[in-house]
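1. output the structure for:
(one chain, ligands or ions: 1)
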Amino acid sequence: MNATTRECPFCLEKIDITEITCSYCNNSMEGFNNKIAIKTNWAPIKGNDFSVVEQELNEISKTRIEFLATKSIKSMEFMIIGASLISLILAIIITLSDIKDSPAFIFWGFGVFALVFGLFMLKAKLTPRVFDLEQKHYYKGSKYELAKEKCDIIDIVAIQVLSEFISADNLISESNIKRKDSYKYEINLILKDAQRINLVESSNLQKIREDAKKLSEFLNIPLLEVIKKIK
Ligand SMILES: [Zn+2]
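-> Now for the predicted structure:
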């Protein structure tokens, strides 16, 4: 780096020293946002994988919004639980009917496994993330007092939107299905001590931008976005 360039604190690209708005990420180099940027980590919190928890913003009232599981995720989870229950009913019928060489153990095994898996996934995905302006709290779960992940709304200083590049090379080793290079996006909270909390991740950039914008307007704090494209 020489005297005519400097590093953008958001996207870490080298930009001309005269640029007030970064030509790579469009973030302003001045004022409050710049102070947050210098202290905060701009690498994605979530790793390079496909474990996407699909939640979306729901406006409950003028003073309360919640991130909740999308309808498609909910219906998928209920289908897994439904299949497990059918399997368990078949297992009971076969066991009680005393058929010789019966395959009851297969139904018991599948039923129990699918039920435990289904309920575990359902709990993880149905756990809401709540922003309550009256209580002045953010928390993950059904009650602020019981939540492990929580903070005061006043301590949230900005919303961070980041992109994560997912290389097809990494994915082929995990499964035999060939996939294309892709991106995943995440919304994080930035706290006043520069700590971050991951809220949601999704492959749908439009939805992520929409929800991040609504959240920043609801909390009345800046929305800072760094979406990287491969050169
Ligand atoms: Zn930049």
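2. how about the residues of this protein that lie near the ion?
-> Residues of the chain found near the ion (Cβ under 5 Å from the ion) are 8, 10-11, 22, 24-25. Placement of C-beta: from N, CA and C, glycine included.
3. at 8 Å instead, please
-> Within the chain, the residues that sit near the ion (Cβ under 8 Å from the ion) are 8-13, 15, 22-27, 226.
4. what's near enough to touch the residue positioned nearest the centre of the chain?
-> Most central in the chain under Cα atoms, centre = their mean is Val200, positioned 2.0 Å from the mean C-alpha point. Listed by Cβ atoms under 8 Å, 6 or more residues apart in numbering, the contact partners of Val200 are 53-56, 67, 129, 186-187, 208, 211.
5. next SSE downstream of the helix or strand harbouring it?
-> Val200 belongs to strand 196-202 when assigned by DSSP states H and E. Tracing the chain past strand 196-202, the next element assigned as helix or strand by DSSP H and E is helix 205-219.
6. for that next one, the distance to its chain's centre please.
-> 13 Å (Cα atoms, centre = their mean, to the nearest Å).
7. show residues contacting that helix.
-> For helix 205-219, the external contacting residues (Cβ under 8 Å, 6+ apart) are 56-57, 59, 65, 67, 131, 133, 153, 156, 158-159, 161, 163, 183, 185-187, 199-200, 202, 222-223, 225, 227.
8. that older thread, okay, and the beta partners of the residue nearest to the centre of the chain?
-> Counting by DSSP bridges, Val200 is bridged to Ile187.
9. report pLDDT for it.
-> Listed pLDDT for Val200 reads 89.
10. circling back: return the member of the contacts of Val200 nearest to the ion.
-> Glu186 (17.7 Å; Cβ to the ion).
11. pretty sure that closest one is touching Ala43, no?
-> No - with contact defined as Cβ atoms under 8 Å, Glu186 does not count as touching Ala43 (10.8 Å).
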